[in-house]
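# need coordinates for the below:
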Amino acid sequence: MITGGGGVFTPAAFAVGGIPRSSDFVDIYANQVRLSVTVSDISIMFSTIQDRGPGVITPEDRASIRLSPMTAKAFLKNLEMVVAAYEAVLGEIPVPPKASKMIDEYYDGLTNMLAEQMAPPPQDDNATSS
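Model (predicted):
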């Protein structure tokens, strides 16, 4: 047991780096991730693929996290380092060709959507200036 900071914590209450976990901390498993983005935030939806019977497989959303673009970029750098270390020890993680194609298509659509969101509003040619 560790005391300090106005509370008492058992070792199980600590995550990596000794950061205390809140009482409503949730640990979930996800085998599918979807992203959505706006100009002001990036959302990550974590899902699990559920087998609903022969030939019927659907995702079931488990949690969503919204990040500021700056936090998302820091998360990306950390994730890249973790994956690189994992692959250095255990070998390359394969990405199925279908998943790679879907990621590429998503990126193209995302780039176009953000460009539209950031575009200045159209000028009204009929407006008169005073």
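
# what's the residue nearest the centre of the chain in contact with, if anything?
Compute the mean C-alpha point of the chain, and by C-alpha atoms, centre = their mean the closest residue is residue 44, 3.2 Å away. Listed by C-beta atoms under 8 Å, 6 or more residues apart in numbering, the contact set of residue 44 reads 33, 34, 35, 64, 65, 66, 67. (C-beta placed from N, C-alpha, C; glycine too.)

# apply 10 Å and report the result again.
With contacts taken as C-beta atoms under 10 Å, 6 or more residues apart in numbering, residue 44 has the following neighbours: 30, 33, 34, 35, 36, 63, 64, 65, 66, 67, 72, 75.

# of the residues you listed, select the buried ones using a PyMOL command.
To isolate the buried members of those in PyMOL, using 16 or more other C-beta atoms under 10 Å:
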select buried, resi 30+72
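
# which residues in this protein form helices?
Shown for the chain, the helices assigned by DSSP state H span residues 69-90, 97-118.

# ok, the contacts of residue 44 vs residue 97, which is closest?
Each of the contacts of residue 44 was scored against residue 97 by C-beta to C-beta, and residue 33 proved nearest at 18.0 Å.

# what pairs with that closest one across the strands?
Beta-bridge partners recorded for residue 33 (DSSP bridges): residue 46.

# I figured it hits residue 102, correct?
No. Between residue 33 and residue 102 there is no contact under C-beta atoms under 10 Å: 11.7 Å.
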